[in-house]
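> got a sequence here, can you build the structure:
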Amino acid sequence: MKLIGAYSSPYTRRVAITLRHYGIAHDIKKVTPFGDTKAWLRRINPVAKIPILELDDGEFVTESQVILDHLDTLVPEGLRLTPSTGPQRRKIQNLCGIAAAAVDKLVSVLYEFHFRPIDKVYKPWTKMCDEQTADGFKWLNARLSDRRFFGSQITQAEITAAVFWQFAVEKRARFCERMNCSQLQALSEELEQTEPFLATTPEGPIRDGITLGTRD
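Presented below is the predicted three-dimensional model:
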């Protein structure tokens, strides 16, 4: 199978890390959804988003949560980062959902300042997004105990929270520092030293890419 995307996208990166965690052989085609690449992406995903997973039979699976759900079916139940049923599945999905919402709002602010002239930025909107980002990450931080959500095990919730937090710190270090999310920071620092994380270090600008300016 082939993963289409870029590690600079936290959504692509969490899929890539999960593939490596499971030991699933795959290739990667590094692209971002900007410039000339967008037209090509639209042929395999109508909304031209990454990540996309091309299966061995040629089927394209889109949206990282859907891709992760598929990857879970490829390994035995006891090895899955998200169980197939039960309360823990619901809790992990909820944690991942809050993490995704927090990083989505952070990206919204990055886009606002990147694409609009500074005098056109709508400050009430960016303020609300900042509050949602901070509230989401602080909520996750409060649910971590010794860098874990559930005892000592690593689940998709830890992977997703670590990836999204690392992305947020990379883009807005001082903003994240003010949140004082020490558990999230410790989790991220721990997992960033593991093989799946080290092998998927976010790359710099690539062809047809876009560099987003950082914010405080």
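> so where's the protein shaky on pLDDT?
Under the criterion pLDDT under 70, the flagged ranges of the chain are 204-216.
> please redo it, this time with the cut-off set to 50
208-209 (pLDDT under 50).
> can you show me the strands along it?
Using DSSP state E, the strands of the chain run over 2-5, 27-30, 52-54, 60-62.
> pretty sure residue 74 contacts residue 21?
No - between residue 74 and residue 21 there is no contact under C-beta atoms under 8 Å: 11.7 Å. C-betas here are computed from N, CA, C, even on glycine.
> closest one to residue 108 among the strands of the chain?
Using C-beta to C-beta as the measure, strand 2-5 is the one of the strands of the chain that comes nearest residue 108, at 19.5 Å.
> C-alpha coordinates for that closest one, CSV please?
Only the C-alpha atoms of strand 2-5 are listed here, as CSV (Å, rounded to 0.1, in the frame of the first residue of the first chain):
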residue,chain,number,x,y,z
LYS,A,2,1.0,3.6,-0.4
LEU,A,3,0.5,6.6,1.9
ILE,A,4,0.0,9.9,0.1
GLY,A,5,0.7,13.0,2.1
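> in TSV: the strands of the chain, plus mean neighbour count and distance to residue 146.
Putting these into TSV (neighbours: other C-beta atoms under 10 Å; distance: least, C-beta to C-beta, whole Å) gives the following:
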stretch	mean neighbour count	distance to residue 146
strand 2-5	20	32
strand 27-30	14	33
strand 52-54	22	33
strand 60-62	17	34
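> in TSV: these, plus distance to residue 137.
Shown next, in TSV, are the strands of the chain (distance: least, C-beta to C-beta, whole Å):
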stretch	distance to residue 137
strand 2-5	23
strand 27-30	28
strand 52-54	27
strand 60-62	26
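> compare those and give me the one nearest residue 46.
strand 60-62 (8.8 Å).
> what about the closest one, distance to the chain center?
Chain-centre distance of strand 60-62: 16 Å, with C-alpha atoms, centre = their mean, to the nearest Å.
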